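Participant: coordinates only, sequence not included:
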């Protein structure tokens, strides 16, 4: 009971809030993007949190998903719902291919190798103009609104789809974390040799985590493309816009926990939006500067993420509540 | 019946011949001690048997199956595992989770939890099951490592200095455990520096020196072998005795 109340409260709030927001307004867009980034950070968390491999290249899978569904829709008129699964399959395949050479790497080396992979994908998308439209980007074509065509007049359905995606990814994350795979990943993270010696196929387990994470990230790329309607290689394959942002969200919220990416996304994405709204008219770059300073302050205050602060607060409250 | 057969295993690290043409075999149900001066190749031998280190040449057979080229997890699945000299626990996980993770080799999560609790009972650590492994004392950690190895249901268990830093009562307890494992059909190979303990518990002892097999026999044979005495005490000791 105790562990269930917070998720239930969150879901109820997330279902109700879109009904209160102006359906054509700015805030429902912020909410949708926030939910999407929470889901993305949760997908990243499977590799970054459970296997403790800090990937800085997850934009690669995200972009693959965005481009796959959009190109299939543009060239063959295939519904993005199907395109999402095609993108997920390609994203998982890409994760498999990149995991083979990188999974032996540790710490910074893994981060750098994945960072480079993300950049390679961005360059390819920029150059392969016949498929991707190159630096000019792609527009998702307008189709008459219907659920099957994944086309809506208003943003409200997108907010609910993003919420559903966040729930699905979080359930998958929790199932992995609590199941046999979670025990194996934690063992590998702490001592790979000891894990092998007690019978854990460390290669297979790491590949499994990478492929699930990459496939989910790609599927979320499709959802993003449908919300954004227009995107280019620098957005969906971007280091700062995607790769580092999802890692940052998970880390600032609490890496390796289910609540971490959600807390992180609901802090970082709205904060960024507010900073942009307040400050971008004053001086170019000022909003980024203030955003950066706030991030540094928060990380100094809670290096292990908001979840630690929240847990100690909860412990203090329950102690006070006890007779 | 031979359960483990090691034939002419060699392994070189740069200029150091860590193992040189090592040949021996172990029978089902034996407790075999491995002794030798520091750097003799004892830990390298265990790592090579497990597949953590590839031998340059030679072969290892477990119950008639060749282990050449197999990764450690495959060797563990075939029924052989080891503990680590410096204790390699999952320090941020609970004691129970450390052991449970090993149980996943042959069981699902719930059954593995049951097996893990049995293994913890066996080493007398049930009451600290929910502590973090990293918070335990060194002797306790060595026992967790033993419980974790047991939870893979091994046929052959390689114990690398599990008695280091134990007091006499704790050592007696581990020796009792070794014998009871043997009674359950587990074959044990034991690296240990504590001579009285190893002479007491082992059926047979092999001696390594500079990566070579120096002697292979009963504790009494080995203890009176002049080559072994020389390796341990040096040539001068021999002269003192005369």
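Facilitator: Noted; the coordinates are in hand. Worth saying up front: this structure is predicted, and the values here are computed from it rather than measured.
Participant: Could you give the number of residues near the residue nearest to residue A:136 when sequence neighbours are not counted?
Facilitator: Spatially, and ignoring its direct neighbours in sequence, residue A:136 is nearest to residue A:232 (6.8 Å; Cβ to Cβ, 6 or more residues apart in numbering or on different chains). C-beta: built from backbone N, CA, C; applies to glycine. A count of nearby residues for residue A:232, using other Cβ atoms under 10 Å in any protein chain shown, gives 18.
Participant: doesn't residue A:138 make contact with residue A:232?
Facilitator: Yes. With contacts counted by Cβ atoms under 8 Å, residue A:232 reaches residue A:138, the gap being 7.5 Å.
Participant: For the residue nearest to residue A:136, give me its contacts.
Facilitator: A:133, A:135-138 (Cβ atoms under 8 Å, 6 or more residues apart in numbering or on different chains).
Participant: now swap in residue A:163 and tell me
Facilitator: Counting by Cβ under 8 Å, 6+ apart, residue A:163 makes contact with A:11, A:14-15, A:35.
Participant: how about the nearest residue to residue 215, chain neighbours excluded?
Facilitator: Assuming you mean chain A. Residue A:215's closest residue in space is residue A:92 (Cβ to Cβ, 6+ apart), at 3.5 Å.
Participant: Let me rephrase: I mean chain B.
Facilitator: Sequence neighbours aside, residue B:207 is the residue nearest to residue B:215 in space, at 4.2 Å (criterion: Cβ to Cβ, 6+ apart).
Participant: per-residue confidence for the residue in the stretch 51-200 of chain A positioned nearest to chain B?
Facilitator: Here the residue of the stretch 51-200 of chain A nearest chain B is residue A:199; by Cβ to the nearest Cβ that distance is 3.4 Å. pLDDT, residue A:199: 95.
Participant: Am I right that it sits in a strand?
Facilitator: No. Counting by DSSP: H, G, I helix; E, B strand; the rest coil, residue A:199 is not part of a strand but coil.
Participant: what about it, distance to residue B:170?
Facilitator: To residue B:170, residue A:199 is 28 Å away according to Cβ to Cβ, to the nearest Å.
Participant: okay, these two: which has more neighbours?
Facilitator: residue A:199 (25 against 16).
Participant: List the residues that contact the more buried one.
Facilitator: B:73, B:76-77, B:81, B:102, B:104-105, B:152.
Participant: could those be laid out in CSV, adding neighbour count, pLDDT and secondary structure?
Facilitator: Shown next, in CSV, are the contacts of residue A:199 (neighbours: other Cβ atoms under 10 Å in any protein chain shown; pLDDT from 0 to 100; DSSP: H, G, I helix; E, B strand; the rest coil):
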residue, neighbour count, pLDDT, secondary structure
B:73, 24, 96, helix
B:76, 27, 96, helix
B:77, 16, 96, helix
B:81, 28, 96, strand
B:102, 32, 95, helix
B:104, 25, 96, coil
B:105, 19, 95, coil
B:152, 26, 95, coil
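Participant: out of the residues you listed, who's near chain A?
Facilitator: B:73, B:76-77, B:81, B:102, B:104-105, B:152 (Cβ under 8 Å from any Cβ of the partner chain).
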